[in-house]
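[1] have a look at this prediction, sequence included:
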Amino acid sequence: MALLAKRMRFCYKRAMKILLLLIGMVLVLEGLPYAANPEKMQQWLQQLTEIPAEQLRVIGMVSMAAGLFLCFLVEKTSLF
């Protein structure tokens with residue numbers, strides 16, 4: 001029983017480490033355009049406010065579906 005508890009703790013720590021690494025990578029990728037060219041990002045964000053909310057919702061849903069599909073591919077297939 002102690003071996004099982006030890007193994008579960010290891011899996012939990014590994015999963016948390018991966019989660020924190022992923023969050024860190026997302027923050028780096030999100031911040032990169034702002035640091036590289038803040039003026040262009042301001043222009044782009046101004047243009048973004050002119051796009052209808054429904055279109056932004058569709059873009060967000062498509063992006064989420066693509067991300068979920070990519071996660072599925074990486075996790076469940078032997079392609080990677």
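    That came in fine, so what should we check first? Computed from a prediction, not measured in an experiment: that's the story for all the values here.
[2] which secondary structure element of this structure has the lowest mean pLDDT?
    helix 2-36 (a mean of 88; mean pLDDT, DSSP states H and E).
[3] mind listing what's buried in that helix?
    The neighbour-count check on helix 2-36 (16 or more other Cβ atoms under 10 Å) flags nothing as buried. For the C-beta atoms, the positions are set from N, CA and C on the backbone; glycine is no exception.
[4] what element comes up after that helix heading to the C-terminus?
    Where DSSP states H and E defines the elements, the next helix or strand beyond helix 2-36 is helix 38-48.
[5] let me know the angle separating that following helix from helix 2-36.
    Orientation check (axes from the mean of the first three to the mean of the last three Cα atoms, to 10 degrees): helix 38-48 against helix 2-36 gives 100 degrees.
[6] contacts for helix 38-48?
    For helix 38-48, contacts defined as Cβ atoms under 8 Å, 6 or more residues apart in numbering pick out 33-34, 56.
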